[in-house]
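1. starting from these lines, generate the structure:
(chains A and B)
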Amino acid sequence: METVAVFINGTEEAAASLEFGAHEAALRKATLRLIAAWDVPASILSGGVAGQEVYDEFRETAEALLAEAVAKVAELEPEVVCETRLVRGQPGPVFLEESRDATLIVAARKRQAGIKELVLGSISRHILNHAERPVVVIPILPR
Amino acid sequence: MKTIVVGTDGSAGANAAVEFAAREAVAHKAKLRVVASWEVPPVVMVSPEMAADLFTAIQEEAQAIAAESVNAAKAVEPGLVVEEVVSEGHAGQVLVEESRHADLVVVGRRGRGGFAELLLGSVSQHVMHHAACPVVIVPPVKKD
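-> Next up is the predicted model:
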């Protein structure tokens, strides 16, 4: 079974990747794998012991983004089957690990203040440098 | 009809890209443009007659590489519409120019250039940063 992998974190890159990935999965009759990472920032942990509710909050935020992405896919390409992976850890390594068997991994580059070229974010760069599967890089052109 | 462009230089990385691009073209019902490029080495000190022969040889090599990749693409899918393109210029610039009229550009992670320890080749890097359309970077096929 073919799989198209997209990282979901609420950014413009994620939205563009989701749209591209959904379309690609429809064409290939592939499963669309939506991957999200969550963790409690070190800055919070350093303030003392964080209660369970802090952990729940960060996990639930990522969970909600995944649910939103699944709903978006149902709207864009209703016949595409989604699977979701929610893993605790750093975004780049989680995306890389959870997309190891994908047919195609979707990444994006976008405009950043003060730079003329579109640039890769740290997650896309991590994937591009380490993935052993084909990676598509989508340019998010300024409107 | 959609257009998918694939760059080739006859390297193992390019061959993996051609195969991926051919399958992608089938899925998208797109035509495939197989693009090879050639350029005159920056420093060549020879007589004018020898230079002419050298340029012809370089160009012919690019043509042979393009033809071979066209055959590889057709082997994946015999019914595929494939165009063979041989352009003069730097591979990265030629592919960026092609991206202006393409829906997708496919390149191997590394071509024939040295420095195997670099993760991304200079051509794939250039294309990824400057292309007007999505770019697929295909890693070499891993032998298990």
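2. what about the helices in chain B?
-> B:12-28, B:48-76, B:91-99, B:122-130 (DSSP state H).
3. ignore what I typed, I meant chain A.
-> A:12-28, A:42-45, A:52-76, A:91-98, A:122-130.
4. got a list of contacts for the helix or strand of chain A with the lowest mean pLDDT?
-> Counting by mean pLDDT, DSSP states H and E, chain A has its least confident helix or strand at helix A:42-45, which shows a mean of 76. By CB atoms under 8 Å, 6 or more residues apart in numbering or on different chains, the residues outside helix A:42-45 that reach it are A:50, A:54. Bear in mind the C-beta positions are built from the backbone N, C-alpha and C, glycine included.
5. can you dump the C-alpha coordinates of that helix into CSV?
-> Output of helix A:42-45 as CSV, limited to C-alpha atoms (Å, rounded to 0.1, in the frame of the first residue of the first chain):
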residue,chain,number,x,y,z
ALA,A,42,11.8,22.6,28.6
SER,A,43,11.0,26.1,29.7
ILE,A,44,7.9,24.9,31.4
LEU,A,45,9.5,21.8,32.9
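6. residue B:129 and chain A, how far apart?
-> 6 Å (CB to the nearest CB, to the nearest Å).
7. correct me, but that residue touches residue A:124?
-> No: Residue B:129 is beyond contact range of residue A:124, at 12.0 Å (criterion: CB atoms under 8 Å).
8. separation between the residue of chain B most remote from its centre and residue B:81?
-> Going by CA atoms, centre = their mean, the residue of chain B most distant from its centre is residue B:47, 30.6 Å out. Going from residue B:47 to residue B:81 by CB to CB, to the nearest Å gives 43 Å.
9. and residue A:7, what does it touch?
-> Residue A:7 neighbours (CB under 8 Å, 6+ apart): A:14, A:17, A:35-37, A:91, A:95, A:106-107, A:123, A:127.
10. including distance to residue A:67, pLDDT and neighbour count, could those residues go into TSV?
-> Shown next, in TSV, are those (distance: CB to CB, whole Å; pLDDT from 0 to 100; neighbours: other CB atoms under 10 Å in any protein chain shown):
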residue	distance to residue A:67	pLDDT	neighbour count
A:14	14	96	22
A:17	17	97	27
A:35	14	98	25
A:36	10	97	26
A:37	16	97	22
A:91	18	95	20
A:95	18	97	28
A:106	19	97	30
A:107	22	95	29
A:123	20	92	23
A:127	23	92	25
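11. check the spatially most distant residue from the centre of chain A and give its pLDDT.
-> Using CA atoms, centre = their mean, the residue of chain A lying farthest from its centre is residue A:48. It sits 30.1 Å away. Reported pLDDT at residue A:48 in the predicted model: 71.
12. now do residue A:88
-> pLDDT, residue A:88: 96.
13. ok, it to residue B:26 distance?
-> For residue A:88, the distance to residue B:26 - CB to CB - is 39 Å.
14. so where is chain B shaky, pLDDT-wise?
-> Along chain B, the model assigns pLDDT under 70 to residues B:42-45, B:111-119, B:142-144.
15. that's all I had, so thanks and see you.
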